[in-house]
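# Mind folding the following:
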Amino acid sequence: MTLEEIRARGPGRFINRELSWLAFNRRVLEESANPAHPLLERLRFLSISGSNLDEFFMVRVAGLKGQQLQHIDDLSADGMTPTQQLDAIAANVDTLVADQQAMCDLIDAALDEAGVSVVTRSELSDEDRAYLAARFDTEILPVLTPQAIDSAHPFPFVPNGGFGLIFNLWNAAAKEQVIELLMIPPTLPRFIALPSEPDRTRFIAIESLVREFFGRLFPGFEKHSAGSFRLLRDSDLEVEEEAEDLVLTFRSAIKRRRRGRVIRLEFSNDTPEALANLVHDGVEAEHALISESARFIGIADLAHIVAADRPELKFAPFSPRFPERIKDYDGDCFAAIRAKDIIVHHPYETFDVVVSFLRQAAADPDVVAIKQTLYRAGRQSQIIEALAAAAEAGKSVTAVVELKARFDEEQNLLWASRLERAGVQVVYGFVDMKTHAKVSMVVRREEGGMRTYCHFGTGNYHPDTSRLYTDLSFFTASQAAARDAGKLFNLVTGYVEPEGLELLTLSPKGLRASILELIDNEIANAKAGKPSAIWAKMNSLLDPEVIDRLYLASQAGVSIVLIVRGICSLRPGIEGLSENIRVKSIVGRFLEHSRIFAFANGERLPHRNAKVFICSADWMPRNFDRRVEAMVPLANPTVHAQVLDQVMIANLIDNEQSWVLDGEGNYERMTIKKKRFNLHEYFMTNPSLSGRGAALAGKQVPKLKLTERG
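Numbers count the residues shown, from 1 in each chain. I've put the predicted structure just below:
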């Protein structure tokens, strides 16, 4: 089969991107039903499914709605118009939301039996009411602002994410009907904790509390009816390509986002139709998708209950290890890296090693320069402070701060200001591309001349997410890698096209071409009768060119296993197209985030001669064409073995948290046939190869085998 014949099969060879994403969120929701997880962790998965769906509406649905309203009928890769996709999304979301509500009821009942409950007003005791009255009067009432809705008081603006109550009241003194709107400020918690006993943790929802003390807020008024609502707005930022000042442009765009088109409007099921219509018209939601919740709106807010101090209802605490290799050198990161390349597996090994690397660079008088990319850095960032300290110590520090990191734009503007005040040279990169590569360079004066140490990551320089996301950090003193990293920074800071790259592959210029060439090499090996295989792990697989080439490889006899956590547009297991391709997704305690690509290179995987890479990019058009990304080959034998023989095989043989994709776009949880294997548990209890150093001497590391492929 040729590429032309594959493409002749038409758009049906792809799975729709949006429906694939909803299938991923369905897998997240299914984890909330997993009896192997503690109850509050199940609630966490439920809340994550809610926050995921919120972002999906604010970005993906909003984009499709915009195309529909502008009469743009561009077809998706699978051949659907925006309107067709919106119709399919609406039907899918209706089912998903209903299942979220049903799961909310199930978990609520189970938590109540376990001693964690959200109480109703009727369940409050006199002591509870006295306690809540005091808190209401001092902490809540002062920040609430009821707003009358009438001819003199038009419906006010409701910001993105706004949650409010709407009342139909009777003013006895004036003998007239009054409509009152009460927005709940985001500074107030959605759930208020009640005094708890040792075996009982109780909360009350803020909306129930307001209704309980209605008389304090509206003295002299009689309540006829009431309801609650929540809305989401279009939150995708649009930046003009001719923007002269990127910082000012983004500050203006962020303000516009707060006022974007209403894309989703939710009502509690006790909201009367007349009040719902009033809100609908008041927020100008004529183009919103309206849903009615049977019980609870704002599923994402359940995360507040997850924070309850009930450790017996959560995963057992886990303390990540600090790499022994660096301890062998008394904590000297540079000495350890100079001796041999190191790879660190987060979150099983602590992100503190990356912070230590930069802190040591800041304090070391022999360090002359630091260059750093920053995509997402979190709200409490030790990375930012280390860079600031280095600049304040007189070192040359350059930080590439990406302003287009969705929903982190404001935080990144704040960090940019902090760094500039410290003397860091802050660069914002391109207007029309994101700098998504995770790279750090430290230039140090040593005996014999300057030496550069590099860190390449698959994840962000974000201390918080590093405890939840599985990622890889690669440290090297390779001067070829350093020269390539320097060219990457010159591309972003000075638009200098990188030429003569020795190790790295970068997008937007060469990454897709390199991936296609690596696939073609496996095709050639298969046709020559040599072993051929591809193992690839990523978050999303969408690029049509790469998918078609994988189909071609399958037809040539290449064995392909793809571990794709989220969106996957490739249809596996289709006769005459993809019989040799298997796709699985892993959803569990940690968010699988690392990107790893392995190509057999004429050997049987796993093999020391296989080509293995880590990368900041998924196989998506945006990563290949509109982002600065870096793919790094792993040549050091120990590092190569850790990533291929341990990390990849563990992902392949996991059967506890794995789902298998079929050719119709459906996922089915794997059936455990013989022996259970949970890759997250495995890495929590088995130290890595690369980070152990002298601690490895005389000790046996469990060897993973492909006895039961995932």
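# So in that sheet, which strands flank the helix or strand where V426 lies, and in what orientation?
Take DSSP states H and E as the rule and V426 turns out to sit in strand 425-427. As defined by DSSP bridges, the strand partners of strand 425-427 come to strand 396-401 (parallel).
# buried set for the partner strand?
Within strand 396-401, the residues that qualify as buried are V397, T398, A399, V400, V401, counting by 16 or more other Cβ atoms under 10 Å. C-beta coordinates here come from the backbone N, C-alpha and C atoms, glycine included.
# before we move on, what about stretch 447-457?
For stretch 447-457, the neighbour count (16+ other Cβ under 10 Å) marks R451, T452, Y453, C454, H455, F456, G457 as buried.
# and which of those residues is nearest to D618?
Closest approach between those and D618, by Cβ to Cβ: G457, at 14.6 Å.
# Ramachandran coordinates for the residue nearest to the closest one when sequence neighbours are not counted?
Leaving out its chain neighbours, the residue that sits closest to G457 by Cβ to Cβ, 6 or more residues apart in numbering is K438, at 3.7 Å. When read as degrees, to the nearest 10, the backbone of K438 gives phi -110, psi 100.
# ok, back up a step: of all the buried residues of stretch 447-457, which comes closest to E55?
Set against E55, the nearest of the buried residues of stretch 447-457 by Cβ to Cβ is G457 (23.0 Å).
# could you dump the buried residues of strand 396-401 to TSV with pLDDT and distance to C104?
Converted to TSV, the buried residues of strand 396-401 look like this (pLDDT from 0 to 100; distance: Cβ to Cβ, whole Å):
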residue	pLDDT	distance to C104
V397	95	48
T398	95	48
A399	91	43
V400	89	42
V401	85	39
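# domain ranges for this structure?
Partitioning the chain according to automatic domain parsing yields domains covering residues 32-313, 324-503, 506-696.
# For the ones you listed, give me CSV that also has distance to E4.
As requested, those are arranged in CSV below (distance: least, Cβ to Cβ, whole Å):
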stretch, distance to E4
domain 32-313, 17
domain 324-503, 31
domain 506-696, 10
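# I'd like to know which of those lies nearest to I15.
Comparing the domains of the chain by their distance to I15 (Cβ to Cβ), the top pick is domain 506-696, with 4.4 Å.
# Report the rounded mean pLDDT for the closest one.
Rounded to a whole number, the mean pLDDT of domain 506-696 is 94.
# How far does that domain sit from its chain's centre?
19 Å (Cα atoms, centre = their mean, to the nearest Å).
# Same question for stretch 482-492.
Taking mean C-alpha positions (Cα atoms, centre = their mean), stretch 482-492 and its chain are 27 Å apart.
# swap in stretch 16-25?
Taking mean C-alpha positions (Cα atoms, centre = their mean), stretch 16-25 and its chain are 15 Å apart.
# From the rest of the structure, what touches it?
By Cβ atoms under 8 Å, 6 or more residues apart in numbering, the list of residues contacting stretch 16-25 from outside reads 49, 52-53, 56, 60, 64, 76-78, 80, 85, 88-89, 92-93, 96, 542, 565-569, 585, 587, 665-667.
# hmm, which of those residues are the buried ones?
If you count burial by 16+ other Cβ under 10 Å, the buried members of the contacts of stretch 16-25 come out as 49, 52-53, 56, 60, 64, 76-78, 80, 85, 89, 92-93, 96, 542, 565-569, 585, 587, 665, 667.
# So which of these sit within strands?
Among the buried ones among the contacts of stretch 16-25, the members falling in strands are S585, Y667 (criterion: DSSP state E).
# Which members of the buried ones among the contacts of stretch 16-25 are positioned in helices?
When DSSP state H defines the helices, the subset of the buried ones among the contacts of stretch 16-25 inside them is S49, N52, L53, F56, L64, Q85, I89, N92, V93, L96.
# what residues are up against the third one?
This means L53. For L53, counting by Cβ under 8 Å, 6+ apart, the contacting residues are N25, V93, L96, V97, I299.
# same thing but at 7 Å, please
For L53, the set of contacting residues under the criterion of Cβ atoms under 7 Å, 6 or more residues apart in numbering consists of N25.
# tell me the SS of P365?
Assigned state for P365: coil (three-state reduction, DSSP: H, G, I helix; E, B strand; the rest coil).
# same deal with A617?
Following three-state DSSP, the label given to A617 is coil.
# Go ahead and confirm it touches R626.
No: because the distance of 10.9 Å does not satisfy Cβ atoms under 7 Å, A617 is recorded as not touching R626.
# These two: which has the busier surroundings?
A direct count of neighbours by other Cβ atoms under 10 Å for A617 and R626 places A617 higher, at 26 against 17.
# can you pull out the helices in the stretch 501-650 of the chain?
511-527, 544-556, 621-625, 637-641, 649-653 (DSSP state H, counting those that start in this stretch).
# Can you pull out the low-pLDDT segments for the protein?
236-259, 378-380, 404-409, 687-703, 707-710 (pLDDT under 70).
# ok, now how distant is G63 from M670?
Separation of G63 from M670 (Cβ to Cβ, to the nearest Å): 33 Å.
# which residues touch V442?
Counting by Cβ under 7 Å, 6+ apart, V442 has contacts A361, V367, I370, T452, Y453.
# Hmm, the last one is touching F334, no?
Yes: contact between Y453 and F334 holds when scored by Cβ under 7 Å: they sit 5.9 Å apart.
# Report the set of residues contacting both of these two.
Residues within reach of Y453 and of F334 at once, by Cβ under 7 Å, 6+ apart, are R444.
# rewinding a little: so what strands line up beside the following helix or strand past the strand holding V426?
On the C-terminal side of strand 425-427, the nearest following helix or strand under DSSP H and E is strand 434-435. Paired neighbours of strand 434-435 in the sheet (DSSP bridges): strand 627-633 (parallel).
# what angle separates the strand it pairs with from helix 511-527?
Interaxial angle of strand 627-633 relative to helix 511-527 (axes from the mean of the first three to the mean of the last three Cα atoms, to 10 degrees): 40 degrees.
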